[in-house]
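Asker: can you look at this prediction? I've put the sequence above it.
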Amino acid sequence: MELNDANLQTLTEFLRKTLDPDPTVRRPAEKFLESVEGNQNYPLLLLTLLEKSQDNVIRVCAAVTFKNYIKRNWRIVEDEPNKISDADRTAIKANIVNLMLSSPEQIQKQLSDAISIIGREDFPQKWPDLLTEMVTRFRSGDFHIINGVLRTAHSLFKRYRHEFKSNELWTEIKLVLDTFALPLTELFKATIELCQTHANDANALKVLFSSLTLISKLFYSLNFQDLPEFFEDNMETWMTNFHGLLTLDNKLLQTDLVSNAIQFLASVCERPHYKHLFEDQNTLTSICEKVIVPNMEFRSADEEAFEDNSEEYIRRDLEGSDIDTRRRAACDLVRGLCKFFEGPVTAIFSGYVNSMLSEYAKNPGQNWKHKDAAIYLVTSLASKAQTQKHGITQANELVNLTEFFVNHILPDLKSSNVNEFPVLKADAIKYVMIFRSKLPKEQLLQAVPLLITHLQAESTVEHTYAAHALERLFTMRGPNNATLITSAEMAPFTEQLLTNLFKALTLPGSAENEYIMKAIMRSFSLLQEAIVPYIPTLIGQLTHKLLLVSKNPSKPHFNHYLFESLCLSVRITCKANPTTVSSFEEALFPVFTEILQNDVQEFLPYVFQVMSLLLEIHSNSIPASYMALFPHLLQPILWERTGNIPPLVRLLQAFLEKGGASIAASAADKIPGLLGVFQKLIASKANDHQGFYLLNSIIENMPPESITQYRKQIFILLFQRLQSSKTTKFIKSFLVFINLYCVKYGAIALQEIFDSIQPKMFGMVLEKIIIPEVQKVSGTVEKKICAVGITKILTECPAMMDTEYTKLWTPLLQALIGLFELPEDDSIPDDEHFIDIEDTPGYQTAFSQLAFAGRKEHDPIGDAVGNPKILLAQSLHKLSTACPGRVPSMLNTSLNAEALKFLHGYLQGASVQLV
């Protein structure tokens, strides 16, 4: 694509169409952009538009499109096409910093994100001058530019907080410090001085304090791994100014900075060598009174978020993205102090909690915020260790959680008006959720019907918390790893639970509430067959919801739980009565057809998984509605998208399993297409195992004559891949395949096909691949296939007994006994460690496995062979009967003693002997 006005005009028109609410206009525009993004100059056209377009909407749209393009394509992934030319990469890096700093804030944020994505891949080796270019902008004096630099630096350096220590990381941090630490310190001092100069100018302070917040975050990231020498030498500058910010009381400021300073205190007080700073009782009391309690209060900003921006409030409060809030910082400080001073801190705060609760009791309507702060303080005090799965796992023994629940939490939950004091109701629900592992079961059971009632609350936060709390309670495990709350205990509330959950999805603001949908999924999972009577009604509601969200998928978690709930409906109902599968197909297929026709990329992997689940329930035949779809599944465009590959392979396996013969009869012209998919997958290191899954299903389920003409070509393709890039994963899959081939077609057929490709090839495969590598095979079914296949090669292949292959007979038997008796060889060459990890570049719809669409492990040998060791003994006995004396002499001359001992055990177990 040339950099010219015509192309800029075309791009502008298509970008405008991507904003159209009508999917028939929007989708083709998105498809067009997807089709041209591999062209040279495409990213430069986007950058030109975001810089020069007269239309602000187009500028922002170009910026977002550019960022997502970088996210998807910048990383170079092996086996994937590199869509960005070297010339474009160089031009982007040469211009993007300048462009970012001269753009308005909305665009600046997008470009800043793009720089950090590029930086993650290219900095410092391939982009050594990035920091120098950024640091020189500190001198500009323009805080719009300075904040752009700080924001970008923060997104680059924040990973230092969670990276593992390594020489590479130290080298990078040292390079950053050499370039960045001094200018950052100078900027910090200069900004503090400007704050004093502009102490009465609210607008100036807002900008300056946003800079100070970013500077504090950078200071935290750069000091996280260790205290660098530079900051140790300049500790006085930083600490004096931090102290000044902590004690600053400027009414014009509602800033995040306090939280950063408290967060810093929290990290200091946890470290043993600073313990002495906090030991004095007066210091502790002063910190508790002056820093913690005032910052625990529910501020007007919190109230606004609770009422008007509930999604953000929930994200901060439940998911821990409240890292920058004063409350969270104060809570972390409480936990930090409790590490060494649990007794004194608990005593100081108990007094505060009691006085806050008595204030509330005097006038609940006026003083409800006092109770909110008291609950928050008790939660902070009592929580020592917490996990997403179990809630609080370690609690402060000095806090009586059960007593507090009965006296102060239960009354709020039992209140007849669910819409009164929604913040306190949400606090009470959150208390149950957080301390679920510490409260007795009878209290949790008492809470369940109350939580079901709260699903009807008007407040989005309140009914969301109720759904989340129920979902968490339903996942708790009791004795014997069964769920703590049983389906029988839920029986009295089942109908109300399902009614209220589905009604909650109709409340304003919760049409696509992921917590409610997750609670629906979890309820189905817990209740099992108890939901069957309700399914006819519920499946209609679920499919209607699916149709609505497929028009414009925007909530990935909600969508995922929606599909999980559909899978559970199918699984549970069809387990009780498999014939009901057709009624599910009637309900789901119209929506699925629309999703497939409109190419809703986000939903295709899910649709393929649900279709696999439905098809697998059918007895051994493929309904016509599925057969009509079969040719479409082989279209190359579907296989271009990484996220489609695992579910599509599984769906094709289901087709082969249920109707290999009917495909051979009525769709034989599609077999080359099927093998074309296998060929594409086998060429990729990331997806070769999927290619083998497909190939194994073809071998196992297709009538032998239908693929005779293709067999030799299949083996040739596999050998070409072995020569070009032989990885451990490929070898393991290859071993399973050739042994499955042997089980299916016989050992003679295997030997003949190898030798037809090249004379003596069979011996080379045995010597170079099977014997040395079979120990690497993992998985019970995979090992069984290899054991049965090798047994057949040893005992049913005449060439092994009287040709040059005979010398390999004992080593092959030795390898088989090793497969039975030795631990699995799980060593991987150094250069292969990350091959199995498919790092989907950026925003390509990744594959999300549906837990409740899971496929049972399939054993192609099944009950035909119970114990492969006994099969080996019986087969050797049969062979020795056919040629007496040969087998014992081969064993005694070259099989090692330990292997021989094991073999005698197998013969004994099978009650046979060799002749």
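Answerer: Alright, I've got the coordinates.
Asker: by contact count, what packs against the helix or strand where Val549 lies?
Answerer: Counting by DSSP states H and E, the element that carries Val549 is helix 535-550. Contacts defined by 3 or more Cβ pairs under 8 Å, 6 or more residues apart in numbering; DSSP states H and E place helix 535-550 against helix 494-504, helix 556-576, helix 581-597. Heads up, the C-betas are built off the backbone N, CA and C, glycines and all.
Asker: hey, where'd the strands end up in the stretch 801-915 of the chain?
Answerer: Ranges of strands in the stretch 801-915 of the chain, per DSSP state E, counting those that start in this stretch: none exist.
Asker: go on, the stretch 401-550 of the chain?
Answerer: According to DSSP E, counting those that start in this stretch, the stretch 401-550 of the chain contains no strands.
Asker: confidence score at the residue lying closest to Leu527 once chain neighbours are set aside?
Answerer: Counting by Cβ to Cβ, 6 or more residues apart in numbering, Ser487 is the residue found nearest to Leu527 once chain neighbours are left out, at 5.2 Å. In this model, Ser487 is scored at 95, pLDDT.
Asker: hang on, Ser487 packs against Val532?
Answerer: No: the criterion here is Cβ atoms under 8 Å, and Ser487 misses it with Val532 at 11.9 Å.
Asker: quick revisit: which of the helices and strands packed on helix 535-550 sits most buried?
Answerer: Of those, the one with the most neighbours on average (mean count of other Cβ atoms under 10 Å) is helix 556-576, at a mean of 20.
Asker: quick one: it to chain centroid distance?
Answerer: 19 Å (Cα atoms, centre = their mean, to the nearest Å).
Asker: report the rounded mean pLDDT for that helix.
Answerer: Helix 556-576 comes out at a mean pLDDT of 96.
Asker: who does it touch, helix- and strand-wise?
Answerer: Secondary elements touching helix 556-576 (3+ Cβ pairs under 8 Å, 6+ apart): helix 514-527, helix 535-550, helix 581-597, helix 604-617.
Asker: distance to Ile375 added to those helices, as CSV?
Answerer: Putting the helices and strands packed on helix 556-576 into CSV (distance: least, Cβ to Cβ, whole Å) gives the following:
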stretch, distance to Ile375
helix 514-527, 20
helix 535-550, 34
helix 581-597, 44
helix 604-617, 39
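Asker: grab the CA positions of stretch 735-745 and hand them over as PDB.
Answerer: Output in PDB follows, covering the C-alpha atoms of stretch 735-745 (Å, rounded to 0.1, in the frame of the first residue of the first chain):
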ATOM      1  CA  LEU A 735       5.600 -42.800  18.100                       C
ATOM      2  CA  VAL A 736       2.000 -43.000  19.200                       C
ATOM      3  CA  PHE A 737       0.800 -42.700  15.500                       C
ATOM      4  CA  ILE A 738       3.100 -45.400  14.100                       C
ATOM      5  CA  ASN A 739       2.100 -47.800  16.900                       C
ATOM      6  CA  LEU A 740      -1.600 -47.000  16.400                       C
ATOM      7  CA  TYR A 741      -1.100 -47.700  12.600                       C
ATOM      8  CA  CYS A 742       0.500 -51.000  13.600                       C
ATOM      9  CA  VAL A 743      -2.400 -51.900  15.900                       C
ATOM     10  CA  LYS A 744      -4.900 -51.000  13.200                       C
ATOM     11  CA  TYR A 745      -3.300 -52.400  10.100                       C
END
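Asker: what about it, average pLDDT?
Answerer: 97.
Asker: who's in contact with that stretch?
Answerer: Here stretch 735-745 makes contact (Cβ atoms under 8 Å, 6 or more residues apart in numbering) with 692, 695-696, 699-700, 704, 718, 749-750, 765, 769-770, 773-774, 776-777, 782, 785-786, 788-790, 792-793, 860-861.
Asker: specify the local secondary structure of Pro21.
Answerer: Using DSSP: H, G, I helix; E, B strand; the rest coil, the structure places Pro21 in coil.
Asker: picking that back up, wait, which of the helices and strands packed on helix 556-576 is closest to Thr240?
Answerer: helix 514-527 (45.0 Å; Cβ to Cβ).
Asker: against which helices or strands is that closest one packed?
Answerer: On a contact count with 3+ Cβ pairs under 8 Å, 6+ apart, helix 514-527 meets helix 460-475, helix 487-490, helix 494-504, helix 556-576.
Asker: nearest to Thr803 among those helices would be which one?
Answerer: helix 556-576 (52.8 Å).
Asker: residues contacting the closest one, please?
Answerer: By Cβ under 8 Å, 6+ apart, helix 556-576 touches 512-514, 517-518, 520-521, 524-525, 528-529, 531-532, 535, 538-539, 542-543, 545-546, 549, 553, 580-581, 584, 588, 602-603, 606, 609-610, 613-614, 617, 848, 850-853.
Asker: return the members of the residues you listed classed as buried.
Answerer: 512-514, 517-518, 520-521, 524-525, 531-532, 535, 538-539, 542-543, 545-546, 549, 553, 580-581, 584, 588, 602-603, 606, 609-610, 613-614, 617, 848, 850, 852-853 (16 or more other Cβ atoms under 10 Å).
Asker: would you map the helices across the stretch 351-500 of the chain?
Answerer: Assigned by DSSP state H, counting those that start in this stretch, the stretch 351-500 of the chain shows helices spanning 364-382, 401-404, 410-414, 422-434, 441-454, 460-475, 487-490, 494-504.
Asker: angle of the fourth one against helix 441-454?
Answerer: I take that to be helix 422-434. Counting by axes from the mean of the first three to the mean of the last three Cα atoms, to 10 degrees, helix 422-434 lies at 140 degrees to helix 441-454.
Asker: returning to that earlier point: turn the helices and strands packed on helix 535-550 into a markdown table, columns for distance to Leu808.
Answerer: Compiled in a markdown table, these are given as follows (distance: least, Cβ to Cβ, whole Å):
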| stretch | distance to Leu808 |
| --- | --- |
| helix 494-504 | 64 |
| helix 556-576 | 48 |
| helix 581-597 | 50 |
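Asker: among those helices, which comes closest to Thr90?
Answerer: helix 556-576 (34.2 Å).
Asker: re the thing from before, any of the contacts of stretch 735-745 buried? List them.
Answerer: 692, 695-696, 699-700, 718, 750, 765, 769-770, 773-774, 776-777, 782, 785-786, 788-790, 792-793, 860-861.
Asker: can you list the domains in this structure?
Answerer: Annotated domains of the chain cover 1-117, 123-252 [the TED database].
Asker: could those be laid out in JSON lines, adding mean neighbour count?
Answerer: JSON lines is the format used below for the domains of the chain (neighbours: other Cβ atoms under 10 Å):
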{"stretch": "domain 1-117", "mean neighbour count": "17"}
{"stretch": "domain 123-252", "mean neighbour count": "16"}
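Asker: indicate which one of these is closest to His904.
Answerer: Closest among the domains of the chain, using Cβ to Cβ: domain 1-117, at 47.8 Å.
Asker: what sits closest to Ala91 if chain neighbours are left out?
Answerer: Leu44 (5.8 Å).
Asker: doesn't Arg89 make contact with that neighbour?
Answerer: No: the pair Leu44 / Arg89 is not scored as a contact, 10.7 Å apart, by Cβ under 8 Å.
Asker: ok, Leu357 touching Asp372?
Answerer: No: assessed by Cβ under 8 Å, Leu357 is found out of contact with Asp372, at 10.9 Å.
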